[in-house]
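Peer 1: Sequence first, then the predicted structure:
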Amino acid sequence: MNEISLRNTIESIRQDALRYVDWRKQPGFWVTLSYRVRRLRKFGAGPFRLLLVPSDVCLGLVKWIVSDSTIPSSVDVDPGLYLPHPNGLVISYRARIGAQVAIFQQVTLGEWQNGVPVVEDGCALYAGAKVIGGITIGSQSKIGANVVVNANIPASSSVSVATASFRVRSSTTQTENGVR
């Protein structure tokens, strides 16, 4: 777990903001900022913790307005988190997320049989990806849309769903009740 200090939190927020073109207009930045302030208030040391309560409440309200997602304050997230579409995220309270990670909408980092996922530095988890159990997603890996991952993924890997297949149905014929 990273040291939770005012200096580290400010540096993490700065690196988070750099991931966005204009952080002020990005809901994902506000979700991340709310997480960072709440984590500092709950687990940081120092007299400023009480002073953070109003900021925490205000940012929580802003986050609630712009997104339905919450990152539990117990999650260890390194700097540079990028949430381009922060809706429908489900993140286990014990998950671990590395630096410069991108997480898209409807992603789940879920606990299974007392194991939680670890997402290493530089990964991207695309829309609808589900990462379940005590597994590790290796650094610089990409998890494609709607992929369910329940095994370790080596560094610099890409995981995707097989291409959809289809078949043309034979021409329909009329039956007695009009349904075939």
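Peer 2: Here it is on my side, so go on.

Peer 1: Excluding chain neighbours, what is closest to Gln106?
Peer 2: Across the structure, with Cβ to Cβ, 6 or more residues apart in numbering as the measure, the residue nearest Gln106 apart from its sequence neighbours is Gly88 (4.1 Å). (Glycine included, C-beta is placed from N, CA and C.)

Peer 1: The one you found should be in a helix, yeah?
Peer 2: No - counting by DSSP: H, G, I helix; E, B strand; the rest coil, one finds Gly88 to be coil, located in no helix.

Peer 1: Was I right to think it contacts Ala127?
Peer 2: No - applying Cβ atoms under 8 Å, one finds Gly88 not in contact with Ala127, separated by 9.2 Å.

Peer 1: Distance check, the residue nearest to Gln106 against Phe104.
Peer 2: Per Cβ to Cβ, to the nearest Å, Gly88 is found 10 Å from Phe104.

Peer 1: So for those two, which residue has more residues nearby?
Peer 2: Per other Cβ atoms under 10 Å, whichever of Gly88 and Phe104 has more neighbours is Phe104, with 22 against 15.

Peer 1: Overlap of the contact sets of Gly88 and Ala127?
Peer 2: Between them, Gly88 and Ala127 share the neighbouring residues Gln105, Gln106, Val107, with contact defined by Cβ atoms under 8 Å, 6 or more residues apart in numbering.

Peer 1: among those, who's most crowded?
Peer 2: Of all the shared contacts of Gly88 and Ala127, Val107 has the most neighbours under the rule other Cβ under 10 Å, reaching 26 neighbours.

Peer 1: for this structure, longest helix please?
Peer 2: For the chain, the helix with the greatest residue count under DSSP state H is helix 27-43.

Peer 1: List the buried residues for the helix or strand following it?
Peer 2: Read in the C-terminal direction, the helix or strand following helix 27-43 is helix 52-66, with elements assigned using DSSP states H and E. Residues of helix 52-66 classed as buried: Leu52, Asp56, Leu59, Lys63, Val66 (neighbour count, 16 or more other Cβ atoms under 10 Å).

Peer 1: burial count for the residue nearest to Asp121 when sequence neighbours are not counted?
Peer 2: Excluding the flanking residues, the one nearest Asp121 by Cβ to Cβ, 6+ apart is Gly98, at 3.8 Å. A total of 19 residues lie near Gly98 under the criterion other Cβ under 10 Å.
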